[in-house]
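# A predicted structure for the sequence below; I have some questions about it.
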Amino acid sequence: MTEPFESRFDRLILLVGRLNYMWTNTESLLIHLIAGLTGANKDVAVIIFLTLNTTRARIDLVERLAKMDGRAPEIRDPILEHTQRLSRLSSVRNKYNHCIYSFDPESGNPKTILMRIADRKTGIKLGREDTVDDQAMHEIEDVVKQLSDANRDIWQLIRQLNFPV
């Protein structure tokens, strides 16, 4: 039996909301890594975090701080593992946050329309469309689960390294 249009849309909106919640909650853990790696207190780390206005910039900062000369591998390596993990998960989050939604009139499936210009050799391409089918919904659910696991693991690392909480 096919899921009604409204149910599919509601399911998508709830999943994207959950994805955003888990992403924001997990990305904010970079504050504690910034504090620990710089020797700053948490308030200073919050200011640094908020001054950098993209996830990529925040992850780059944490990675560069972790890679500084003299940084012990037992600090550097697990931090880099977690930042690389977040970077991999960011693509799904970006896809569903930087798009507009439409609906396939035949299937009723929601569609994403990417709000990005893709430069080609001699032209540009606008608004790539992708159908949000059951497979895409499962992908979002999987990323939410992976973010939950990452959140738990990063908290464990923060405590293990005795970084400011």
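Everything's here; your move. Everything quoted here is computed from the prediction, not taken from an experiment.

# Neighbours of residue 19, how many?
21 (other Cβ atoms under 10 Å). From N, CA and C alone the C-beta is placed, and that goes for glycine too.

# brain fart, residue 52
A total of 16 residues lie near residue 52 under the criterion other Cβ under 10 Å.

# measure it to residue 153 for me?
As judged by Cβ to Cβ, to the nearest Å, residue 52 and residue 153 stand 22 Å apart.

# ok, now residue 95?
With Cβ to Cβ as the criterion, residue 95 and residue 153 are 23 Å apart.

# Can you give me the buried ones in the top helix by length along the chain?
Using DSSP state H to define each element, the chain has its longest helix at helix 134-160. For helix 134-160, the neighbour count (16 or more other Cβ atoms under 10 Å) marks 136-137, 139-140, 143-144, 146-147, 150-151, 153-154, 157-158 as buried.

# Could you look up the SS state of residue 118?
Here residue 118 is strand, with the state taken from DSSP: H, G, I helix; E, B strand; the rest coil.

# can you tell me the helix or strand for the spatially closest residue to it that is not a sequence neighbour?
Leaving aside its chain neighbours, residue 118 sits nearest to residue 125 (4.3 Å; criterion: Cβ to Cβ, 6 or more residues apart in numbering). Per DSSP states H and E, residue 125 falls inside strand 124-126.

# In terms of pLDDT, where does residue 75 sit?
Predicted confidence (pLDDT) for residue 75: 97.

# please begin residue numbering at 730 from this point
Sure, I'll start numbering at 730, so the last one becomes residue 804.

# Run a quick neighbour tally on the residue nearest to residue 847.
11.

# pretty sure it contacts residue 845?
No - using Cβ atoms under 8 Å, residue 854 is not in contact with residue 845; the gap is 9.3 Å.
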